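> my questions are about this predicted structure, shown below with the sequence.
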Amino acid sequence: MTRFQYPSPPIEMPQVPPPVYWTTITYYELNTRIGDAFKIVNRSVVVDGFTDPTNSDSRICLGQITNVNRNSTCENTRKAIGRGLKLDYTTDFDLHVTNQSSNSLFVQSILVNSKRYS
């Protein structure tokens, strides 16, 4: 029989530095994730459908993401994104989403869905 001594010695939790990014953005076509997740550091980021080879930290261009299995429906949808959307993360920990496209856009968020439908 094992005997435990109480009170047990205190457990020290390791100090973990906070992440350098405030969110990640993943791109899907239908139900398939395309490419790696984008780790967002800047408080403002634009996600658009164009192709910009500068690799800016404040812009994600979906037009540069390749998919050998892309069908015409996904291609036309991606083209319709146009100027896309802008995400602004404020110092008050609020997130503002601005649709800059001439079309409606759909954004999926686990956190927002869990708060809204819980």
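Arrived safely.

> what is the rounded mean pLDDT of the helix ranked longest in the chain?
Determined from DSSP state H, the single longest helix within the chain is helix 72-81. Taken as a whole, helix 72-81 carries a mean pLDDT of 92.

> cool, stretch 93-100 as well?
Mean pLDDT, computed over stretch 93-100, is 90.

> list the buried residues in it.
Counting neighbours by 16 or more other Cβ atoms under 10 Å, one finds that stretch 93-100 has no buried residues. All C-beta spots, glycine's among them, are computed from the backbone N, C-alpha and C.

> show residues contacting the longest helix of the chain.
For helix 72-81, the external contacting residues (Cβ atoms under 8 Å, 6 or more residues apart in numbering) are 29-30, 47-49, 62-63, 67, 101, 103, 105.

> one more time with 7 Å, if that's ok
29-30, 48-49, 62, 101, 103, 105 (Cβ atoms under 7 Å, 6 or more residues apart in numbering).
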